[in-house]
Structures are given as structure tokens and as C-alpha cells.
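Student: pasting the sequence and the predicted coordinates here, then a few questions.
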Amino acid sequence: MPDRAYHHPIDPELLPGAHNAIHTCLRLKPQERITIITDTVTRGIAAALQSEVEHVGSKYSLFVLEHHARRPLSHMPEPILQDLALSQVSIFAAQREFAQQATTMSRGDHMASVVETALETVPCDLLLVPTRGGAVARAISRFKPPVWIVAPSFDPAASQNLAFSYGVHPVDLLEEPDDWREWATRWVRENGITAERVMLVAGPSPRNPKANQRIELMRLDAHHS
């Protein structure tokens, strides 16, 4: 059975991000069904997302991973997989548990493992990984994801090095875009690529040096892609 994420007031600081995720990135429509996957650590974020989904009026299910299996997971619980098959949209708002290996993992490896788990539950056509030195994009490539990794970078040397990583397409970037969804929409159109859903894996940047690592599933305009 699905769970409910909130039984108390939602942190208002999380609402702008949740609104952006549901309305701008996913562009959720009332007639679409969405599956939200979370865990006990990120339930506050899931609660904000759930609130926005209810404002849209979409049908949804929400699953807290710890309620359905012992972590760290060896596979996604069957009830969640069955629910994903019923939904047109899904969002993964959970952290991956690494047990004892967490202390020896770099930040890039940690983020790559989170992305690997997200790809198991949230289908997408492309990974968009803006990068400064290439560490996160390179770490993700080691998992050999089933989709291409597009890695925009300001550093020509980093782009050159990434050309040797599995499944990575480096892109030289002159300036950071205001909107990564618009950038991705334009890029896939200019390169003749068919992509509707793009997973953005982003973190600190020259424009936002204090930004946290994050994953967003962006829906591109169909007539643009």
C-alpha cells in the first residue's frame, strides 16, 4: 500500500523548490498519474512535493522505502515497481544508503550511486551533468548507464578528458544558462536527438557556488525535441 508523507505542517522553505519541480521541470498535468518515492530522511521534501501534486489535482502514490524493504536495498520492492507501471510520471526523492562503504566514497562516487538508483526507478532519455572538473560525470559513467551523459563544462581540459569516459558527450560551455531545461531543449533540437525526459544532475557552479547537489527530472517541450 502507498504511504502518506506528511501529517504535520510542511516546511515553507521547501515549497518553492517543490513547486518548481512539479510545475516547471515535470510539467505535471491533472490527467497524469505520478509515483513519488522517498525515504525517512527526505520525507519533508516528499511532503512538499505531495502538496504540490494535490494542488495540480493529479492522482498519485507515495512510497517510503523503509516501509517496504530493509535498507540498503538490493532491488526495488515489487509494490513500487507495479505502481510505477501505472504512472506516466515519477520522481525519486530519497537518499541511497551505502552501509560501511560510505566512509570511503568520494562525493562524485556518492552522487553517481544516487543517480544509479534513480535511473532504476525513474526512466529518462538523457542525463545532463553540468561539471567543472568532470568528477561526477566520470563517476556516473563507471556504472555504464543505459542513456547518454551530456556533460557541459567551462573547462576545455575537463571536456577533453571526459571524451574518454564511457557514454559521456562533453559540451564546451561559455556561460551558465539561466534555465537548464531550456538549454537542454535547444541542445537536443540542434543535435537531432529525440528526448522527452532529461535527468539533471547538478551541484555548485560559478554562478551558485553554495548550491547543493541535486537531481531533477525535466520534461522537455515535445515540439522542441
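Tutor: Yep, it's here.

Student: in this protein, which spans are strands?
Tutor: Under the criterion DSSP state E, the chain contains strands at 33-38, 59-64, 89-93, 126-128, 149-153, 168-172, 197-202, 214-219.

Student: now tell me what touches the fourth one from outside.
Tutor: If I follow you right, that is strand 126-128. When contacts are defined by C-beta atoms under 8 Å, 6 or more residues apart in numbering, strand 126-128 is touched by residues 115, 140, 145, 147-150, 152, 180, 184, 188, 193, 195, 197-201, 218. All C-beta spots, glycine's among them, are computed from the backbone N, C-alpha and C.

Student: filter those residues down to the buried ones.
Tutor: Buried members of those, scored by 16 or more other C-beta atoms under 10 Å, are 115, 140, 145, 147, 149-150, 152, 180, 184, 188, 195, 197-201, 218.

Student: tell me where this protein has helices.
Tutor: 15-19, 43-56, 78-84, 107-121, 135-141, 156-162, 180-190 (DSSP state H).

Student: least reliable of the ones you listed going by mean pLDDT?
Tutor: Per-stretch mean pLDDT for the helices of the chain is lowest at helix 107-121 (a mean of 77).

Student: report all helices and strands that that helix contacts.
Tutor: In terms of contacts (3 or more C-beta pairs under 8 Å, 6 or more residues apart in numbering; DSSP states H and E), helix 107-121 is packed against strand 89-93, helix 135-141, strand 197-202, strand 214-219.
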